[in-house]
Each structure stands twice: as C-alpha cells, then as structure tokens.
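Visitor: here is a sequence with its predicted model. Questions after.
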Amino acid sequence: MIPSEFAAYPTGNLCNADARVRPLAAAIKPLIPGLRIAGPARTVRITPGQNGAIHRSVHHAQPGDILVVDGGASERFGPFGDLLADGCRAKGMAGAVFDCTIRDRADIAALGFQVFCRGFHPEATAKTKPDETDVTIVVGGVPVTPGDIIVADDDGVVVIAAAIAPGVMDKAAKVAAREQTIRARILAGETTFDIFELGRS
C-alpha cells in the first residue's frame, strides 16, 4: 500500500470507513481549495515564535512526506513561508499541516503547495531553540506519530495510524462502492428515505 493512494478517497469516506480515523480540529483549514493531499507524517514540535526545527525536518524529508507541525495552536507568528514551501517542493513533499498560523499566503498558493493551517500572521520567527522532530505530537487535538497517514481535503484533515492503514484502505473502497450504488438508485428515482429504510425505524 502506498500512502498517497489514500488521496483517492474523501476524508468523509475515510471517517465513515473506520471510527479509528481521527479528524483534526475544524479550525485547521486548506490554503488551496479543491486540492487533496495524502502521505506519511513527518512530525515537528515548535515553540511559538521559533522555526529552526521545521528547517531541519524539511532537510531530512523524503518524497511524498507531509510536514506536520505542532505549533501550540498559536495564532501569532509565521514559522512557515514561501522559502520553506519552495524547499518542501524541491524535496517532493506532498504538503503540510500546521497547528498554528503561517505567512506568505499568496506566494505559497501560487507555488501550488498545499498547506493546512489555523490562519495567517506576518510576525517574524527565530531559530534559537532546537525544538523537536520525528516525535509524537498533538495537532488539532489529535496525536500524530511519525509515519501515520495524513489525508486532507476541503472538509478537513484526518490521521490514520500506520498500523491500521491497510484495513482502512479496504474499508474505504467498500464505502466508495456503496455510495456509487446509492447514487445510481437516487438517479433512478428512489429517495434516501427508502434506500436507508428509515420508514422501518
């Protein structure tokens, strides 16, 4: 199973597939509407106002990784901007998720590099603390361990533990197939009230 294959499924389907799929807080939103990303988490924990650990993590990143940053839900500072986005793209990273604000919104969007974050703030950051990389973090209220699968789209960001990822993929395929069947029945004239047999409840 390749983590990027999860990009075939909307986050809603993944949540329907398995209750162990964990959605992040709704405040973490996409920079570029309509662009879904999926890949393994490369985790970072920063002190608000610092970004040295982000540079270190990108330096060691692998193609397809998703940068996932615990920024303490801070709504100040811009620890990630267009130069780091350029660095992520050069490494072949699939995207980034921040539990904090970032900066250079328009320039990053123009690059086509997808970022999910709490908003935007121009305040400068420092590189005076080492902070942590490749550790279990908490982002949007959800624990994320390095290698967990991240899937993110216009509806939000979900985390799938690496150990259960193959099973979730199989279940998601079944959910998608069932939805196609339901859609065909609706287009043929049935209603969801009948399809879900709600009159029997």
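Guide: Thanks, I have it. These numbers come from a predicted model, not from an experiment.
Visitor: output the below-cut-off pLDDT ranges for the chain.
Guide: 1, 201 (pLDDT under 70).
Visitor: what segments of it are strands?
Guide: Ranges of strands in the chain, per DSSP state E, are 22-23, 29-30, 37-45, 66-74, 95-102, 115-117, 119-120, 132-133, 137-139, 142-144, 149-153, 156-160.
Visitor: let's have those in JSON lines, adding mean neighbour count and distance to residue 9.
Guide: No exception for glycine: its C-beta is placed from N, CA and C like everyone else's. Shown next, in JSON lines, are the strands of the chain (neighbours: other Cβ atoms under 10 Å; distance: least, Cβ to Cβ, whole Å):
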{"stretch": "strand 22-23", "mean neighbour count": "18", "distance to residue 9": "14"}
{"stretch": "strand 29-30", "mean neighbour count": "18", "distance to residue 9": "16"}
{"stretch": "strand 37-45", "mean neighbour count": "25", "distance to residue 9": "8"}
{"stretch": "strand 66-74", "mean neighbour count": "24", "distance to residue 9": "16"}
{"stretch": "strand 95-102", "mean neighbour count": "26", "distance to residue 9": "16"}
{"stretch": "strand 115-117", "mean neighbour count": "27", "distance to residue 9": "17"}
{"stretch": "strand 119-120", "mean neighbour count": "14", "distance to residue 9": "27"}
{"stretch": "strand 132-133", "mean neighbour count": "20", "distance to residue 9": "29"}
{"stretch": "strand 137-139", "mean neighbour count": "21", "distance to residue 9": "21"}
{"stretch": "strand 142-144", "mean neighbour count": "19", "distance to residue 9": "18"}
{"stretch": "strand 149-153", "mean neighbour count": "26", "distance to residue 9": "7"}
{"stretch": "strand 156-160", "mean neighbour count": "24", "distance to residue 9": "10"}
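Visitor: nearest to residue 182, of those strands?
Guide: strand 149-153 (20.4 Å; Cβ to Cβ).
Visitor: ok, back up a step: closest to residue 4 out of the strands of the chain?
Guide: strand 37-45 (5.4 Å).
Visitor: ok, and what's touching the top helix by length along the chain?
Guide: Secondary structure of the chain per DSSP state H: the longest helix is helix 165-187. Contact partners of helix 165-187, identified using Cβ atoms under 8 Å, 6 or more residues apart in numbering, comprise 1, 3, 5-6, 8-9, 13-14, 16-18, 20-21, 149, 160, 192, 195.
Visitor: out of these, which end up buried?
Guide: Using 16 or more other Cβ atoms under 10 Å as the burial test, those include 3, 6, 9, 13-14, 16-18, 21, 149, 160 as buried.
Visitor: that older thread, next step: the contacts of helix 165-187 restricted to helices.
Guide: 13-14, 16-17, 192, 195.
Visitor: just these now: which is nearest residue 138?
Guide: Using Cβ to Cβ, these come closest to residue 138 at residue 14, 20.0 Å.
Visitor: list the contacts of the closest one.
Guide: 6, 21, 151, 158, 160, 168, 172.
Visitor: which one of those is nearest to residue 31?
Guide: residue 151 (16.1 Å).
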